[in-house]
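Undergrad: Turn this into a structure:
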Amino acid sequence: MSFKTTVAKIKHNYIWNNKFISFGILFNFLLNIAYFLFLFLVTKGKFHDIVPLHYNIYFGLDSFGPSKNFFVFPQISFIVFLVNSFLCYHYYKYSRAISYFLLASSIFVNIVMILSYILIILFIEI
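TA: Residues are numbered from 1 along each chain as shown. Okay, here's the model as predicted:
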């Protein structure tokens, strides 16, 4: 099977007719891009040697690490998006409820990670 036939098969699949799935995947992808852009614009590419990596409501900032670890959670968020989108696409023909749950959980994980990083960035003085 060639690459063109594979792309054509994916493009004409019946899953893209479902507005919730297609808009959900697009929204989730744009949310991930906004997540990376938000972190890069807020930090302006400049970091200190040690940056906070975790915020806890009981203790505040409780985990610190090197600045290269600051973009680990956005990468994890993007991997969750890719895996859940692939599983959503694969399981759509078997059960729509499972695919809806996978897509909604991926969006929920991204929103929670963005909110946690907003709290962390509010306490960083760059």
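
Undergrad: hey, let's count contacts and neighbours off CA atoms from now on
TA: OK.

Undergrad: residue ranges for the helices of this structure, please.
TA: 3-11, 19-43, 72-91, 96-123 (DSSP state H).

Undergrad: Report all helices and strands that the second one contacts.
TA: Just to be clear, that refers to helix 19-43. helix 72-91, helix 96-123 (3 or more Cα pairs under 8 Å, 6 or more residues apart in numbering; DSSP states H and E).

Undergrad: and residue 56, which of the ones you listed is closest to it?
TA: Minimum separation from residue 56 across the helices and strands packed on helix 19-43 (Cα to Cα) falls at helix 96-123, 9.1 Å.

Undergrad: For residue 51, the count of nearby residues, please.
TA: 21 (other Cα atoms under 10 Å).

Undergrad: I'd like the distance between it and residue 74.
TA: The gap separating residue 51 from residue 74 is 15 Å, by Cα to Cα, to the nearest Å.

Undergrad: My read is that residue 80 contacts residue 106, right?
TA: Yes: in this structure residue 80 lies within contact range of residue 106 using Cα atoms under 8 Å: 6.4 Å.

Undergrad: Have a look at these two and say which one is more surrounded.
TA: Neighbour totals were compared for residue 80 and residue 106, and residue 106 leads with 23 against 18 (other Cα under 10 Å).

Undergrad: wait, what's in contact with that one?
TA: 28, 80-81, 84 (Cα atoms under 8 Å, 6 or more residues apart in numbering).

Undergrad: mind redoing it with 7 Å?
TA: Contacts for residue 106 (Cα atoms under 7 Å, 6 or more residues apart in numbering) come out as 80-81, 84.

Undergrad: In JSON lines, list the helices and strands packed on helix 19-43 along with mean pLDDT and distance to residue 2.
TA: Below are these laid out as JSON lines (pLDDT from 0 to 100; distance: least, Cα to Cα, whole Å):
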{"stretch": "helix 72-91", "mean pLDDT": "87", "distance to residue 2": "20"}
{"stretch": "helix 96-123", "mean pLDDT": "85", "distance to residue 2": "27"}
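
Undergrad: Quick check: which of these is nearest to residue 61?
TA: The nearest among the helices and strands packed on helix 19-43, by Cα to Cα, is helix 96-123 at 7.4 Å.
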